[in-house]
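Visitor: Okay, predicted coordinates and the sequence, questions at the end:
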Amino acid sequence: MFPELVEGEHKLRFYKHNENSTQPMTETAIFETKNLENPSFNSLGLAPELLKALTESGYTTPTPIQAQAIPVALAGIDLMAGAQTGTGKTAAFALPILQKLLPLASSSTSPAKHPVRALILTPTRELAIQVEESVKAYAKHTQLRSLVVYGGVDIRTQTPHLKTGVEVLVATPGRLLDHIEQKTVQLNQVQMLVLDEADRMLDMGFMPDLKRILALLPKQRQNLMFSATFSNEIKKLADDFLTKPQLIEVARSNATNDNVTQKVYQVAQSDKETLLIQLLKEADASQVIIFTKTKITASRLSRSLVKVGIAADAIHGDKTQQERIKALDAFKAGTVSALVATDVAARGLDISELPMVINYEIPSAPEDYVHRIGRTGRAGASGVAISFVSEDEEKYIVEIEKLIKRQIPKEVIALDKPSAPSRAPRSKSSHASAQAKPQEDSVTRRTPAKRKSTDPWFDQPYEPSAQSNEATVTRQSNAKKVPVAALLGGLLSGK
Ligand code: AMP
């Protein structure tokens, strides 16, 4: 028997929990549902202390994942939630945790009165930090304490904080095991466990660590699992660790957010840096994440941007945790406007209202594209995702389009530089001649040249391409060139 199906809003797929069902999740089916009334935070029965914090955070209505997950979690039922980052999933588990722990909150200074009661595991340090920041913000009017522990920093700096006692502990698996080994944390009173971004935890090889940690937790506990995708491995993990879970899925797995305008700019590999600089300077873009495939490219590119006067920094796996936090804080504060990141480093980044991401290099795994562009267009805001695609990366775009089940509009972009080849779309010869030109020529310019173009296409005002993402637009080579800022303006306003 399948669990009972109830109707949900926002293309939710939702199973009503069936206490009598012993059906493993791997054998359940997914149904499309519609039209469930979206409740307010008030009607979810949250405590006044939490409602106050939500109002102060500027939240007015629950997101679909919050509307569905909070009542289930409050009812003490195990949850398997399919939600990508940007859907508001953190509050979907943090609020019920805090609500359920409120009766146990204590003003006592005795550590014994503040045992770890909720454990939240995340795959990356950045995500752990952000989750704990959210927990702290929602718990600000309560006596509940939270702490984050992650690797890459001296463990001794975390121990004193742990010893004072915290009810909600956010951790990356490896560092938590270090603390367990050093006996600086006790997990025998954990009553709620969250596995956040469980799919990424499996991808990153955390399964053995997870098993070790889970074996140390009390058997009697509630488990909440969040994952962006429902692979067979995830279903297996859910079968192993969850008890009669209720399944909630918001939006299709691997779906891209409709608030994000996606574009492909076809450009030779050797022209990418010049195009990026032009784009950033002419558009005066205030906050952009630029994705590269490798750490080396991330570092090199951020240095090149700095050289031409763009406030840039890079985050990747070779940077220390302090360097990554510093770069992220500077980016959030606006002193760094371009953050160059690799996929792993960018996982879990939550920068509210990030208007744009640029894929400087296209990921070979199409899922990474979905995660990358999920950095923009969050919580209902609109965003732009531009992908610089060289000829040899087109195969990746084909795979990405298959995964997201839509075509991304394409434009052939030519650069305003003297030796650029004529705009014949991606011919082998134009590619070769662009590569022959030394890259440093273009990147060391302090100001992008405002030369008048010889190609009349560029003197015409920009016309946004078809509004729909379904259309594929390839500009003809006899069209006029437009400044990159105008292209961007068209993108931003043409949403
Ligand atoms: P998350 O998916 O948890 O990473 O959340 C994505 C972003 O949405 C974060 O910046 C949250 O602060 C924000 N957010 C979460 N819930 C809401 C809400 N109900 N209303 C407005 N913003 C929200």
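Guide: Sure thing, it's come through. Numbers count the residues shown, from 1 in each chain.

Visitor: and residue 415, what helix or strand is that in?
Guide: Assessed by DSSP states H and E, residue 415 sits outside every helix and strand.

Visitor: For burial, what's the neighbour tally of it?
Guide: Here the count is done by other C-beta atoms under 10 Å, and residue 415 has 23 residues near it. Bear in mind the C-beta positions are built from the backbone N, C-alpha and C, glycine included.

Visitor: Now do the same for it: its pLDDT.
Guide: In this prediction, residue 415 carries a pLDDT score of 76.

Visitor: repeat for residue 5
Guide: Taken from the predicted model, the pLDDT recorded for residue 5 is 28.

Visitor: repeat for residue 446
Guide: The confidence metric pLDDT takes the value 28 at residue 446.

Visitor: Helices of the stretch 151-300 of the chain, start to end?
Guide: Using DSSP state H, counting those that start in this stretch, the helices assigned to the stretch 151-300 of the chain run over residues 159-163, 173-181, 198-203, 207-215, 232-241, 272-283, 295-307.

Visitor: for these, which one sits closest to the ligand?
Guide: The ligand sits nearest to helix 198-203 of all those, at 13.3 Å, using C-beta to the nearest ligand atom.

Visitor: Who are the packing partners of the closest one?
Guide: Helix 198-203 makes packing contacts with strand 222-227, helix 232-241 when contacts are defined by 3 or more C-beta pairs under 8 Å, 6 or more residues apart in numbering; DSSP states H and E.

Visitor: where does residue 385 fall, phi/psi-wise?
Guide: Its backbone dihedrals place residue 385 at phi -120, psi 110, with angles given as degrees, to the nearest 10.

Visitor: Spatially nearest residue to it (excluding sequence neighbours)?
Guide: Using C-beta to C-beta, 6 or more residues apart in numbering and skipping the chain neighbours, the partner closest in space to residue 385 is residue 373 (3.9 Å).

Visitor: Pretty sure that neighbour sits against residue 264.
Guide: No - the pair residue 373 / residue 264 is not scored as a contact, 11.9 Å apart, by C-beta atoms under 8 Å.

Visitor: Kindly provide the distance from residue 63 to residue 99.
Guide: Distance check for residue 63 against residue 99: by C-beta to C-beta, to the nearest Å, it reads 17 Å.

Visitor: Also residue 209?
Guide: 29 Å.

Visitor: again with residue 337
Guide: Counting by C-beta to C-beta, the gap between residue 337 and residue 99 amounts to 39 Å.

Visitor: same deal with residue 66?
Guide: 12 Å.

Visitor: Between the two, point out the one with more neighbours.
Guide: residue 66 (28 against 20).

Visitor: ok, now which ones touch that one?
Guide: Contacts for residue 66 (C-beta atoms under 8 Å, 6 or more residues apart in numbering) come out as 44, 88, 91, 92, 95.

Visitor: Nearest residue to it in space, please, no chain neighbours.
Guide: residue 92 (4.6 Å).

Visitor: Which strand or helix spans the one you found?
Guide: Element membership for residue 92, per DSSP H and E: helix 89-101.

Visitor: helices or strands next to that helix in the packing?
Guide: Counting contacts by 3+ C-beta pairs under 8 Å, 6+ apart, helix 89-101 is packed against helix 48-56, helix 64-74, strand 79-82, strand 118-121, helix 125-138, strand 168-171, strand 192-195, strand 222-227.

Visitor: The same query, at a cut-off of 7 Å, please.
Guide: Packed against helix 89-101 by the contact rule (3 or more C-beta pairs under 7 Å, 6 or more residues apart in numbering; DSSP states H and E) you find helix 48-56, helix 64-74, helix 125-138, strand 192-195, strand 222-227.

Visitor: so who does the residue nearest to residue 403 when sequence neighbours are not counted touch?
Guide: Distances taken as C-beta to C-beta, 6+ apart put residue 366 closest to residue 403, at 4.2 Å, once the chain neighbours are dropped. Taking C-beta atoms under 7 Å, 6 or more residues apart in numbering, we find residue 366 in contact with 399, 400, 403.

Visitor: mind checking pLDDT for residue 366?
Guide: Residue-level confidence at residue 366 comes out at 84, pLDDT.

Visitor: need the contact list for the nearest residue to residue 320 once chain neighbours are set aside.
Guide: Closest residue in space to residue 320, ignoring its immediate chain neighbours: residue 152 at 6.5 Å, by C-beta to C-beta, 6+ apart. For residue 152, the contact set (C-beta under 7 Å, 6+ apart) comprises 125, 320, 321.
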